[in-house]
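model the structure of this input:
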Amino acid sequence: MSENSGHPGHSGHDVQREVSELEGKSTTASRLFDLRLIIGGLFVLYGVIVTIAGINPSDSSLDKSEGININLWTGIGMLLLGIFFLGWVKLRPVPPVEIAKEDEGA
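Okay, here's the model as predicted:
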C-alpha cells in the first residue's frame, strides 16, 4: 500500500504539515480562551470602573456604608485580583497541547 492510502490526494508530507497547523491552532485557541485571562481582564475592567466611582463618593453613599468608601476599596481589591490573574497567565502559560500520534506500523 502507498504512504497516502488513508488520505487520497494527500502525500505524507502534506498530512504532516496539516497536523502541525492544527496543533498550532489548538495551542493558540487554548491560550486565547484561558479562563485566567478572561477572569483577570474582567476584574481589571470592573475594578477600574468601581475605583473611578469611589474616587469622589457622594455623602449619601458614605452614609449608607457607615463612612467607609466601599467603592474605592472594592475597586482596588478587584484591580489587585485582576492583576494577580493576569500575572499568573504571564508567569505560568498554558503548555502546548500534546496530540497522540498514531503508530507508523499500524
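
past the lowest-mean-pLDDT helix or strand in the chain, which element shows up next along the chain?
Within the chain, no helix or strand scores below helix 12-32, which has a mean of 63 by mean pLDDT, DSSP states H and E. The element immediately downstream of helix 12-32 (helix or strand, assigned by DSSP states H and E) is helix 35-55.

average model confidence for that next one?
For helix 35-55, the mean per-residue pLDDT is 95.

C-terminal to that helix, what's the next element?
That would be, after helix 35-55 and using DSSP H and E, helix 59-64.

what mean pLDDT does stretch 65-73 get?
Stretch 65-73 shows a mean pLDDT of 92 in the predicted model.

quick one: end-to-end distance for it.
With C-alpha to C-alpha, to the nearest Å as the measure, stretch 65-73 spans 12 Å from end to end.

other residues contacting that stretch?
Residues outside stretch 65-73 that contact it (C-beta atoms under 8 Å, 6 or more residues apart in numbering): 50, 51, 53, 54, 55, 57, 61, 62. C-beta coordinates here come from the backbone N, C-alpha and C atoms, glycine included.

in that stretch, which residues are buried?
For stretch 65-73, a neighbour-count test (16 or more other C-beta atoms under 10 Å) marks 69, 70, 71, 72 as buried.

turn the contacts of stretch 65-73 into JSON lines, columns for neighbour count.
Listed next are the contacts of stretch 65-73 as JSON lines, based on neighbours: other C-beta atoms under 10 Å:
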{"residue": "50", "neighbour count": "19"}
{"residue": "51", "neighbour count": "18"}
{"residue": "53", "neighbour count": "16"}
{"residue": "54", "neighbour count": "17"}
{"residue": "55", "neighbour count": "10"}
{"residue": "57", "neighbour count": "16"}
{"residue": "61", "neighbour count": "13"}
{"residue": "62", "neighbour count": "14"}
